[in-house]
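Novice: missing the sequence, but the structure's below:
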């Protein structure tokens, strides 16, 4: 069983060692919208810094609303050499009812992800869990997003959405 960080018997617990055990989190404190665009742009609040040569458990939760015709899409932008996969639970893109879900779909961190909207003002959620591995380059992991299909009705990413990475190796 691997453990991070590896602690030796008698090792002094410093603030740096204790801080390295904490999850890295970013949370939206205000809503943002995208209208009539399928070009993903960075969300200013959903950005975290990752260390080089590290493995993380990766969790995200998106609270959003979108027109049935607009939906929501996202991409992750990270440091050079970043790899990752996650399983997603969300309303299917193009779905007209909440009974249509994508469950445990394996997405690559480098692929476009997406979730369906059920109408402007109708709250939806998407959640995922996976892993991220960084290479020799540290840097930021940024959530970028847009509408899946261009719509004159805004897609909104709500306050309370978050990303969290916990170093596991």
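Specialist: Ah, there it is. Model, not experiment: these values are computed from the prediction.
Novice: Please, where are all the strands along this structure?
Specialist: Counting by DSSP state E, the chain has strands at residues 24-27, 32-34, 41-50, 55-65, 72-77, 83-91, 101-108, 113-115, 124-133, 139-146, 155-157, 162-167.
Novice: Those strands: lowest mean pLDDT?
Specialist: Across these, strand 101-108 has the smallest mean pLDDT, namely a mean of 69.
Novice: any idea which residue sits dead centre in the chain?
Specialist: residue 60 (4.4 Å; C-alpha atoms, centre = their mean).
Novice: Show me what that residue bridges to in the sheet.
Specialist: Per DSSP bridges, the residues bridged to residue 60 are residue 128, residue 163.
Novice: I'd like to know which of the strands of the chain is closest to residue 14.
Specialist: strand 162-167 (16.2 Å; C-beta to C-beta). The C-beta positions use only the backbone N, C-alpha and C, and glycine is treated the same way.
Novice: Could you quantify the relative orientation of the closest one and strand 124-133 as an angle?
Specialist: Inter-element angle recorded for strand 162-167 and strand 124-133: 20 degrees (by axes from the mean of the first three to the mean of the last three C-alpha atoms, to 10 degrees).
Novice: buried stuff in strand 162-167?
Specialist: 162-165, 167 (16 or more other C-beta atoms under 10 Å).
Novice: who touches that strand?
Specialist: Outside strand 162-167, the residues that touch it by C-beta atoms under 8 Å, 6 or more residues apart in numbering are 4, 20-28, 46, 48, 50-51, 54-61, 132, 141, 143.
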